[in-house]
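[1] got a predicted model here, sequence first, then my questions.
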Number of protein chains: 4
Amino acid sequence: MGLRTGEQYLEAIKVRNKAEIYVMGKEVKDVTTHPFLKPSIMAFKATFDAPWEEDTKELARAWSPFINEEVNRFNHIHRSSDDLAAKVKLLRKISHKTGACFQRCVGFDALNTLYIITELMAQKGKTEPKERFVEYLKTVQKKDLALAGAMTDAKGVRTLKPSQQKNKDAYVRVTEVTKDGIYVSGAKANITGVAASEEIVVLPTRAMGPEDQDYAIAFSIPTDTEGIKIIVGRQLNDARRMEGGDIDALPYFYNHEGLVIFDNVFVPMERVFLLRDWQYTSQLVEIFSAYHRQGYGGCKAGLGDVIIGATYNLAKQVGVEKASHIQEKLTEEIFLTETMYAAGIAASLNAVQPCPNCWWVNPMHANVTKHLVARFPAQISQLAIDVAGGIIGTAPSEWDLKNPKLREYIAKYLQGVEGYTAEDRLRMVRLLENVSIGVAFMIESVHGAGSPAAQRIMFSRLYDLNYSEEVAKKLAGMKSNVKFTEKAEPWRESETEKLAKSKSIEEKKQQ
Amino acid sequence: MGLRTGEQYLEAIKVRNKAEIYVMGKEVKDVTTHPFLKPSIMAFKATFDAPWEEDTKELARAWSPFINEEVNRFNHIHRSSDDLAAKVKLLRKISHKTGACFQRCVGFDALNTLYIITELMAQKGKTEPKERFVEYLKTVQKKDLALAGAMTDAKGVRTLKPSQQKNKDAYVRVTEVTKDGIYVSGAKANITGVAASEEIVVLPTRAMGPEDQDYAIAFSIPTDTEGIKIIVGRQLNDARRMEGGDIDALPYFYNHEGLVIFDNVFVPMERVFLLRDWQYTSQLVEIFSAYHRQGYGGCKAGLGDVIIGATYNLAKQVGVEKASHIQEKLTEEIFLTETMYAAGIAASLNAVQPCPNCWWVNPMHANVTKHLVARFPAQISQLAIDVAGGIIGTAPSEWDLKNPKLREYIAKYLQGVEGYTAEDRLRMVRLLENVSIGVAFMIESVHGAGSPAAQRIMFSRLYDLNYSEEVAKKLAGMKSNVKFTEKAEPWRESETEKLAKSKSIEEKKQQ
Amino acid sequence: MGLRTGEQYLEAIKVRNKAEIYVMGKEVKDVTTHPFLKPSIMAFKATFDAPWEEDTKELARAWSPFINEEVNRFNHIHRSSDDLAAKVKLLRKISHKTGACFQRCVGFDALNTLYIITELMAQKGKTEPKERFVEYLKTVQKKDLALAGAMTDAKGVRTLKPSQQKNKDAYVRVTEVTKDGIYVSGAKANITGVAASEEIVVLPTRAMGPEDQDYAIAFSIPTDTEGIKIIVGRQLNDARRMEGGDIDALPYFYNHEGLVIFDNVFVPMERVFLLRDWQYTSQLVEIFSAYHRQGYGGCKAGLGDVIIGATYNLAKQVGVEKASHIQEKLTEEIFLTETMYAAGIAASLNAVQPCPNCWWVNPMHANVTKHLVARFPAQISQLAIDVAGGIIGTAPSEWDLKNPKLREYIAKYLQGVEGYTAEDRLRMVRLLENVSIGVAFMIESVHGAGSPAAQRIMFSRLYDLNYSEEVAKKLAGMKSNVKFTEKAEPWRESETEKLAKSKSIEEKKQQ
Amino acid sequence: MGLRTGEQYLEAIKVRNKAEIYVMGKEVKDVTTHPFLKPSIMAFKATFDAPWEEDTKELARAWSPFINEEVNRFNHIHRSSDDLAAKVKLLRKISHKTGACFQRCVGFDALNTLYIITELMAQKGKTEPKERFVEYLKTVQKKDLALAGAMTDAKGVRTLKPSQQKNKDAYVRVTEVTKDGIYVSGAKANITGVAASEEIVVLPTRAMGPEDQDYAIAFSIPTDTEGIKIIVGRQLNDARRMEGGDIDALPYFYNHEGLVIFDNVFVPMERVFLLRDWQYTSQLVEIFSAYHRQGYGGCKAGLGDVIIGATYNLAKQVGVEKASHIQEKLTEEIFLTETMYAAGIAASLNAVQPCPNCWWVNPMHANVTKHLVARFPAQISQLAIDVAGGIIGTAPSEWDLKNPKLREYIAKYLQGVEGYTAEDRLRMVRLLENVSIGVAFMIESVHGAGSPAAQRIMFSRLYDLNYSEEVAKKLAGMKSNVKFTEKAEPWRESETEKLAKSKSIEEKKQQ
């Protein structure tokens, strides 16, 4: 049964309670009821509800050839470019349900990444990782497990490689290998939704050389394994959630990220998918990043929609929705939102196949998508703040509204157009505040799936500058002995070629 | 034989010499040799060369079910979303050959627009236009004709409708209808490549109401029909082409636009595809615009590549290509270029089918594409100018280089890194000047396929603000009795629905 | 003695405790100790410390001819363009002390506005308001009072004038006039620093016509007057202040804004400076806005400096401060910050004198300043977030750091370069989070002193489009019978002229 | 008599005809009548007309204490911050007269730079240069000479110092020193207005070390000195000027830049102001650059006005000037224009005095000004192109308008609103084309007075990052042992201090 309901997920995550999770310095007993984490759990839950709701049903289900059953798309291995597009469309839709990151994409992308990487290893004769991975995948799909993906390491001094760090655990590493499994230590930072997960899929965060082979590991592990400690991070406006209200903090849906500490954690060998195979780390990072960058074209466009809707409604509440400058700002928000989405769609439908039955995204379009996402949300928010008015920074609290001595005043002075109440105004202002200036839209948009500088490195790697130079030289009438026949989309092929080159690395190793 | 060679086109266009064409106040006898127009002819020719060149062969050919032969893609009716994507990819490639607009897209998009519109008319029982159009299409495909498309009217006072204008010919109109055909008068402005065409396909430029029915006409006509006068427009740097050099004006490829005057021109009835059918004008304009906006994701990205290549080469010529700020600017140019392209690809692969066997682009993505094209080229040019240095505005002329008294000085003072000569420097500077600050990249990017304001109108029409508002209201906890079940991509359906609604218009008309 | 110390202010504000102030639904007894408000009080206090600190002493003191004593600049009437520049410089400096808005500018600008307006009234024969105002000013200066300024009304439906509103109190109005004074009702919204003030200076928020004369009032009133209720507004991250920590919420300095309700409040006549004098409201708003817009060139540049410093330090903490893309981002932050400041300086030193001994800012430059401030801070923040890394959205709380079970882990994994500790990292991340995504930089920058649309209206009013059109017509060789002799800076004179025109309004009234 | 009329300048420049000047490969006999250069001469002439015209008289005249006479401001040594502001204001005004660069600022700024540098040398005991310079200055002022300034060298390979270049003349250098003077060789590139000048003031283009001392030279020289060859550079649309029309090429005013070759030119010793004094080159470049960057706040704002006026008029010609999106674009043009101007005003009125009676600009504000000028004009042009419509790239030539067979058609189809003619439309379109996409606004704005990267280097040098870091550390509660007392405007002092430090360099040299 590859499809759980949201309720079934809630049940399961309650049971998984022995995980060691800290919020604001205190250990959390039940994540499903803790006011800080509950909204995150509910947003994660939305991914389990999606296959059962009318408007997302079709997008959220997929047929798995591995278990010959329908599975939740978030645990699906892409089988076509339409699958990739369905991901982007689904993410946009679920954003409309949650107004927050629902946190299940990292695990989703980690699965698809490991599928390709273990396949590439198998092609070069190392078949065990793939066998292990497929077994694991079947379990995940059958049980419809809630996965977190963990990539970013603590990193220490950024200019040093893992093995050069004074703190040897600055990157997660294997400290001991036994017949049955491996021991790992280190910490993964910024791990989205980890407290809401049942399992963590761990990937290396950067390309490694042979000197860093102890850091070249990928594996999966139950979230409540001994030795794992999760310190949930603070976020803008987080403390409001502890107040117990239902307006100011948007108590229904949110997301979280956590610092995950591995203190000499044992991983059974059947859960180890990469072990000192440093040669694959570069590809692994590139494949994962591109998958994750593509997805942002969906979820962030969905948050864009939420902001557009809130902006529009706030304008209506004070009667200015037809003013031309308001219309201009709404139109600009739409343009920015749809641009991110269009890029995500292109990255999906113009997919690349690095191996048979492997469906990767188009890496150039995926990087374009994420780079747009690193820029446009701040502009969308700025436009929303502009339209919303100063009230977004000065509105009374819900506790004022609920104080009988103040209620009438607020009702009188916060109302705009008749038909809307002061409470309507406050609710919409708070939604806009929490979404537009929230961590998912303002910060995760910049840094999730790699900071802007990472995309820029990819642009210069994926783009064929020499080809363009030859084009220019020919048009300028400069002498040039390079022919122009080869490539319809040079970057595309060059990417596949680069993937293909790993063969020779493997071969070299065998010499 | 649906495929001519470039040479065959040149022969044919020479024969078409009786067309009445003016350049800088003088009538032109042979467009293939006139220094002002020759580069345009050569750029147009590149579209005929494409099916025969190794690197564009596959993209430039398509199989036509209408004549059961391979045809040039520029005369092809799209049969799939891959066809649409092939258009965008082909345009990018040909831009690399010409460094200029090759001017054959307007006719291409006009054919596809008329195909859909006449089909929609046929569905509502008016089958003649479709019959005429398919006959015409077969001729165009068999002879591989060079078409221009003519849409924009002179327009007079912008705030008035056609019938309200004092100058009744401010928009092209039918002045008389006979059994055999119609007489038309008026002028079409900004007509791309018209002097290089064999036929002109004329479309209405805006939605018309019943009071404007005389202006609701579409037809095709040979370019050299009596009564047609073509006044070719000026462009930045155009006069340099009259000097006869081979560096400063890029004599090989360019493009042109013209003012086409219809002075009581007769159009045979078999060439008339829309006659006072004002009910279809709104759809027609929307369909054409979206097709044309999609294409810009290809050709303008191609010009972006040329500029990137030139920028890179100029940096190398003075030894600064590795400076970090130069790298940043090149990367930014790449990002901007690839974003335009990604949107064009999305508009293609995420296509909409308004009728069976009709393949339209995705209108939202197409408008996104063009709006990006209205913004990013100026930024790309700005970056290129920055890297190129002041020399782009102050370099000596080729006549200085050719003057024996000056040659040595220029050779000495314009050379940078050894291996490049002063001539190399001048050639590349001139390429960059003419492309980056040229009419195609700076002006056509803004206004072609509709000025930016036109896209913004489409954004607000295609986007479902009410849906987003309901999403926001639900998330904010405001009362809302609207359900969220209906639409995966509301704009998409709403578009199709809108197209479908024309049925009722037609029905109304019949009542 | 026109100069109090910060301590003296604290004493006084403690005494003023009978003011009716609500925070999060509860009445506050002592604003100086309440965790929500204390940081605001401390930031306000910084303006009283300034005249006594070495680096601000000179800027913060000014000589008042009204009381023949040195006064705090915040209660000074400008006597020169150097005074205006000193304001901007001082604001930048105090921002460095507080990292927050210190909230005393609105009162400062209100005083200077009333000085000019009552002077203009006096010139037209109505001398009483000026007499009252100067008396009041002397008191303010002598006692070195802490003033808030209150302008923005609740406003109800934005498209209606005050008198058209269903809620007659949507704008503050006079409900009764007696021999001794007036009664007022209504509410002022977004009132900066009001809970930290001793007196409130109330101004009308928009130009009024004769039908709105009851709304055309200006007066001052002690903050703890009966009938005044202050509901302090929520802000991003505000609830953290209630936790009692010293890292996550920056407990030292912050700012607040409040909704101030006037429920039938009596104002003695000697405190009334404008009473139904609707003819002066347009000028009053323009003069105040320009003063306040100018100031933003100082305080927001100061916050820019704080963000630049934090950005730089965080880059150093992980060892990347020399990476070229980090340098580029820092440089961009500097450029944006210095641009805001330069505009503020221009608005000061290029001042306008609407009456003898009146020193107003240059209105065009002041509007430029604020419009830059409405745009650039979001860009500065975006750059800071980019450099800071994902940690800005995911860092552990100070309570985690203080938990002995977690402390070592955090110390190990949050440290970067040796010499900095994990606590250093958290402290700097929190500073950056609270300043760069704080209400003062993200929201007040947009809406304070008028939303962006308000500046745009001023641009079109202050700029002489007809003059520029004539310039263009002459250069184009078009016929034009307008001469070019008149104005060196047409907008400047036109402004003064416009101010001068009020004379005729007054004269009309007398007819 | 320190004030010539424009006519007197024309007379003089005709006489100076023996200068060796090439345009498009041919030597020019009379620059005042040559169609390529005449518009440049006329624009230069506007600076001589300014002291005699009503609206510029006051700004264009200044009292010189050196000759005790009124002089043209362009040859004036600044005596106050008001003088500096008058420069900016004057430049804006003259731009309105010419719609082009009038080319006299480089000489103006070179004089002021040499005044400060020779003064600094004198302070360190080397008094001769100052004596020579003041003598030269008196001549310039008395004769009201037309000066060009020449700074940018040919530069060869950009990553190499002058002495490292293979081409030893890549930078202008002294090749021989005699008792009477020096011999120099090399080339200066991008020299504004040089063909319109009577004298050239030559400055070094970069900071030099002792190994480059032969390149550390400054001198003045008559333009028609033997051995000097001037190759005038090409510009966008230049060839139209050769057609002889009066619409398409704007024949009245333009500007030019030239490559100036020094082929073993003798400079008499009394004209040599810097000779191997490499220690002063860094300061010299910084002082000159800041002066020149300040000025751009005037002249480019003036061109902005021209474009705003043309944009507005074109909107009126087709009846759309009241459309809200047109108004938005005009307002944006105004904002961008006024921002550049405000920064220029700040750089002037907030001036720095590096020595007694020396008035330098504020270097930070001056660099802000130029950096804005490197960005905003492209945006202004983009907005103008948007409003102008496609016609700006496709309008018929004036030769079409003048062809009797076409005239009526053009009259009919290019007219919009009655009262304007097709000729009016063409004239305004051409003005806008030539100004907005012209070399002065598009290219000189980027590269004049140093390319954007040069300003960015200055930002990081002038800004005190350490100070800001300490501010942030203190606010964050990090330990810091640095005090905050020192500097009101740290960059300002640090600049002065840096200037002061040259003393010790000089002293070192003497040891």
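    Thanks, I have it. Residues are numbered from 1 along each chain as shown, chains lettered A, B, ... in the order given.
[2] report the mean per-residue pLDDT for stretch A:315-332.
    For stretch A:315-332, mean pLDDT rounds to 97.
[3] quick check: end-to-end length of that stretch?
    15 Å (C-alpha to C-alpha, to the nearest Å).
[4] contacts for it next, please.
    Contacts to stretch A:315-332, defined as C-beta atoms under 8 Å, 6 or more residues apart in numbering or on different chains, come from residues A:308, A:311-312, A:379, A:383, A:386-387, A:389, A:416-417, A:420, A:424-425, A:428, B:456, B:459-460, B:465, B:469, C:155-160, C:453, C:456, D:324-325, D:328. Bear in mind the C-beta positions are built from the backbone N, C-alpha and C, glycine included.
[5] could you flag which of those residues are buried?
    A:308, A:311-312, A:379, A:383, A:386-387, A:389, A:416-417, A:420, A:424-425, A:428, B:456, B:459, B:465, B:469, C:155-157, C:453, C:456, D:325, D:328 (16 or more other C-beta atoms under 10 Å in any protein chain shown).
[6] my guess is A:Thr139 contacts A:Leu145, does it?
    Yes. With contacts defined as C-beta atoms under 8 Å, A:Thr139 counts as touching A:Leu145 at a distance of 7.3 Å.
[7] same drill for those two, tell me which one is more crowded.
    Neighbour count, other C-beta atoms under 10 Å in any protein chain shown: between A:Thr139 and A:Leu145, A:Leu145 has more, with 21 against 12.
[8] got the contact list for the more buried one?
    So A:Leu145 contacts A:75, A:139, A:198-199 (C-beta under 8 Å, 6+ apart).
[9] quickly name whichever of those is closest to B:Ile94.
    The closest of these to B:Ile94 turns out to be A:Asn75 (C-beta to C-beta; 43.8 Å).
[10] the closest one is in contact with A:Leu147, isn't it?
    Yes. With contact defined as C-beta under 8 Å, A:Asn75 reaches A:Leu147; the gap is 7.3 Å.
[11] hey, what's in contact with both of the two?
    A:107-108, A:111, A:140.
[12] among the contacts of A:Leu145, the buried ones, what's the ChimeraX command?
    Of the contacts of A:Leu145, the buried ones go into a single ChimeraX selection, burial set by 16+ other C-beta under 10 Å:
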select /A:75,198,199
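[13] among the contacts of A:Leu145, which lie within strands?
    Cross-referencing those against strands under DSSP state E gives A:Glu199.
[14] turn the contacts of A:Leu145 into CSV, including distance to chain C.
    As requested, these are exported to CSV (distance: C-beta to the nearest C-beta, whole Å):
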residue, distance to chain C
A:Asn75, 25
A:Thr139, 29
A:Glu198, 21
A:Glu199, 20
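[15] now, which of the contacts of A:Leu145 lie close to chain B?
    Applying C-beta under 8 Å from any C-beta of the partner chain, the subset of the contacts of A:Leu145 adjacent to chain B is empty.
[16] quick check, nearest of the contacts of A:Leu145 to C:Ala187?
    Closest to C:Ala187, out of all of these and judged by C-beta to C-beta, is A:Glu198, at 51.4 Å.
[17] quick one, what contacts the closest one?
    Here A:Glu198 is in contact with A:12-13, A:16, A:145-147, A:222-223 (criterion: C-beta under 8 Å, 6+ apart).
[18] try it again at 10 Å.
    A:9, A:12-13, A:15-16, A:19, A:107, A:140, A:143-148, A:222-224 (C-beta atoms under 10 Å, 6 or more residues apart in numbering or on different chains).
[19] what is the burial count for A:Gln164?
    A:Gln164 has 13 nearby residues by other C-beta under 10 Å.
[20] likewise the one 5 residues further on?
    Taking other C-beta under 10 Å as the criterion, the count of residues near A:Asp169 is 22.
[21] dihedrals phi and psi, it?
    Taking degrees, to the nearest 10, you get phi -100, psi 10 for the backbone angles of A:Asp169.
[22] what is in contact with A:Thr139 and A:Leu145 at once?
    With C-beta under 10 Å, 6+ apart as the test, A:Thr139 and A:Leu145 both reach A:199, A:220.
[23] please see if stretch A:234-245 touches chain D.
    No. Figure legend: stretch A:234-245 not in contact with chain D (C-beta under 10 Å from any C-beta of the partner chain); closest approach 15.3 Å.
[24] got the CA coordinates for that stretch in PDB?
    Extracted in PDB, the C-alpha atoms of stretch A:234-245 (Å, rounded to 0.1, in the frame of the first residue of the first chain):
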ATOM      1  CA  ARG A 234      14.800  29.600  15.000                       C
ATOM      2  CA  GLN A 235      12.900  31.500  12.400                       C
ATOM      3  CA  LEU A 236      11.400  34.900  11.900                       C
ATOM      4  CA  ASN A 237       8.400  35.300  14.100                       C
ATOM      5  CA  ASP A 238       8.800  31.900  15.600                       C
ATOM      6  CA  ALA A 239       8.100  32.900  19.200                       C
ATOM      7  CA  ARG A 240       4.600  34.000  18.300                       C
ATOM      8  CA  ARG A 241       3.700  30.400  17.800                       C
ATOM      9  CA  MET A 242       4.300  29.800  21.500                       C
ATOM     10  CA  GLU A 243       1.600  32.300  22.400                       C
ATOM     11  CA  GLY A 244      -1.300  30.000  21.600                       C
ATOM     12  CA  GLY A 245      -3.200  32.400  19.400                       C
END
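[25] what sits against A:His78?
    A:62, A:84-87, A:108, A:111-112, A:115-116, A:291, A:348, A:351, A:357-361.
[26] in strands, which of these fall?
    A:Ala62.
[27] out of the contacts of A:His78, which end up buried?
    Buried among these by 16+ other C-beta under 10 Å: A:62, A:84-87, A:108, A:111-112, A:115-116, A:291, A:348, A:351, A:358-361.
[28] and the residues you listed near chain B, which?
    A:85-86, A:348, A:351.
[29] what is the nearest of those to chain C?
    Ranked by distance to chain C (C-beta to the nearest C-beta), those are led by A:Ser348 at 25.0 Å.
[30] could you report the distance from the closest residue to the closest one other than its chain neighbours to chain B?
    Spatially, and ignoring its direct neighbours in sequence, A:Ser348 is nearest to A:Leu84 (3.6 Å; C-beta to C-beta, 6 or more residues apart in numbering or on different chains). Going from A:Leu84 to chain B by C-beta to the nearest C-beta, to the nearest Å gives 11 Å.
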